[in-house]
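1. Build me a model:
(one chain, ligands or ions: 1)
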Amino acid sequence: KYGDLDRVYSINVNYSNIDDINYVVIWNNIVIEKRLRHFIRQYTDVRNFEQFLNLQRNAKYRKNQIDWYITFEYLKEKEGALVTSLWTSKRRRKKMQKLIEEIPTIEHCKKSLFDLFKDWKCPRCEKKKETFNHVWRCKSQKKMMMLIIKNSFEFLFKEISDLNCYEIKKEEFLKFFQEKTYCILSEDTDNLTFIDVIKGLFPLDITKFLIDIKINKDHRMALSVSFLEYVYDETFKIWEDRCEVEIKKEKAFRINRAKKMSTK
Ligand SMILES: [Zn+2]
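-> Numbering: from 1, shown residues only. From the prediction side, this is the model:
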């Protein structure tokens, strides 16, 4: 029936019987035993992860100072085995965007809309180029960001003390984080900074500390992920406010979607 190799045949699949069909999926001559959906996702995740680590700017992440397990738990979002709700997938996408520094900053927009944005600076200070790092380091946000950093570590402490099973003094706990590079909003090619934490990278140094002060594994993992979620939510407000300013500015300059499309 399907003998003509030059012809394209369509196949009608009766989906109600699909569970009864026996098939073996092979990839590079390896039989894929995992459930296919998980395999495909894992495969693309691993490939993306490799590319991500190999980026020049990410060299410092190859130096074993990140607790990848916590970072992946945070990126994954709590999703059921089969249902990915719209909300979790949107949040997951936003987390990934931050991780790869692909939020639509002015400098990012210049890549595709150079003519439109070539002279544009950060919409909040109007002085510096708006790069990914500048979004968090803009002078206009300094007070806010300092507060977020302080609150994040206090949040971590509160999460531990709310468990009511650890005797830890707040001052001693917070003292540990003094002078850590990952508590500072700097740009650094060798050390982790708070900007890396904003991207969802969890410093291994914190994990070691939590183990040292005898936080059990389940608690440690849950509160480490909550810490990253907290930083995500707080810094998301910074980005949202920035976008409001930018939208107003674009309106004032009569830049709208149609204009953007026509300059592309
Ligand atoms: Zn600025």
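2. Quick one: mean pLDDT for stretch 206-220?
-> For stretch 206-220, mean pLDDT is 96.
3. oh sorry, the question was meant for stretch 54-61
-> 83.
4. Ok, stretch 161-169 next?
-> Stretch 161-169 comes out at a mean pLDDT of 95.
5. For it, list the C-alpha coordinates in CSV.
-> Presented in CSV, the C-alpha positions along stretch 161-169 are these (Å, rounded to 0.1, in the frame of the first residue of the first chain):
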residue,chain,number,x,y,z
SER,A,161,14.0,30.1,62.8
ASP,A,162,10.3,29.5,61.8
LEU,A,163,11.1,25.8,61.7
ASN,A,164,11.5,26.0,65.4
CYS,A,165,14.1,23.3,65.6
TYR,A,166,17.4,25.1,65.3
GLU,A,167,19.0,27.3,67.9
ILE,A,168,20.8,30.0,65.9
LYS,A,169,21.4,33.5,66.8
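6. Centroid-nearest residue for this protein?
-> K95 (3.0 Å; Cα atoms, centre = their mean).
7. Now do the contacts for that residue.
-> By Cβ atoms under 8 Å, 6 or more residues apart in numbering, the residues touching K95 are Y74, L75, E77, G200, Y232. C-beta: built from backbone N, CA, C; applies to glycine.
8. What about the fourth one, how many residues nearby?
-> For G200, the number of neighbouring residues by other Cβ atoms under 10 Å comes to 20.
9. same check, this time on the second one
-> The burial count assigned to L75 is 17, neighbours taken as other Cβ under 10 Å.
10. Pretty sure it sits against K94.
-> No. Between L75 and K94 there is no contact under Cβ atoms under 8 Å: 10.6 Å.
11. re earlier: list, out of the contacts of K95, those positioned next to the ion.
-> Among the contacts of K95, none lies close to the ion by the criterion of Cβ under 5 Å from the ion.
12. could I get those as a markdown table with secondary structure?
-> Formatted as a markdown table, those follow (DSSP: H, G, I helix; E, B strand; the rest coil):
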| residue | secondary structure |
| --- | --- |
| Y74 | helix |
| L75 | helix |
| E77 | coil |
| G200 | coil |
| Y232 | helix |
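13. with those in mind, which one is nearest to the ion?
-> Distance to the ion across the contacts of K95 (Cβ to the ion) is lowest for Y232, with 21.2 Å.
14. The closest one reaches L201, doesn't it?
-> No. If you go by Cβ under 8 Å, Y232 and L201 don't touch, sitting 12.0 Å apart.
15. The two: which has the busier surroundings?
-> More crowded of Y232 and L201, by other Cβ under 10 Å: L201, with 24 against 18.
16. can you pull the pLDDT of that one?
-> pLDDT, read off for L201, is 96.
17. Would you mind listing what in the protein touches the ion?
-> Counting by Cβ under 5 Å from the ion, the chain sits next to the ion at C122, R124, C125, C138.
18. ok, and the most crowded of those?
-> Highest neighbour count within these: C122, with 23 neighbours (other Cβ under 10 Å).
19. quick check, it in a strand?
-> No. Under three-state DSSP, C122 falls outside any strand and is assigned coil.
20. show me what contacts it?
-> Contacts of C122 (Cβ under 8 Å, 6+ apart): I106, K128, K129, E130, H134, C138.
21. Whichever of those residues end up buried, select them in ChimeraX.
-> Filtering the contacts of C122 down to the buried ones (16 or more other Cβ atoms under 10 Å) takes a single ChimeraX command:
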select :106,130,134,138
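22. Now for the contacts of C122: which two are most distant?
-> The two members of the contacts of C122 with the most space between them (Cβ to Cβ) are I106 and C138, at 11.5 Å.
23. quick one: common contacting residues for these two?
-> C122, E130.
24. List every C-alpha atom in the strand or helix carrying K98, with coordinates, as CSV.
-> For K98, the host element (DSSP states H and E) is helix 86-99. In CSV, the C-alpha atoms belonging to helix 86-99 read as follows (Å, rounded to 0.1, in the frame of the first residue of the first chain):
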residue,chain,number,x,y,z
LEU,A,86,0.3,28.5,32.5
TRP,A,87,1.6,30.3,35.5
THR,A,88,4.4,28.0,36.3
SER,A,89,5.6,27.9,32.7
LYS,A,90,5.5,31.7,32.4
ARG,A,91,7.5,32.0,35.6
ARG,A,92,9.9,29.3,34.5
ARG,A,93,10.5,31.1,31.2
LYS,A,94,11.1,34.4,33.1
LYS,A,95,13.6,32.6,35.3
MET,A,96,15.4,31.2,32.3
GLN,A,97,15.5,34.7,30.7
LYS,A,98,17.2,36.1,33.7
LEU,A,99,19.6,33.2,33.9
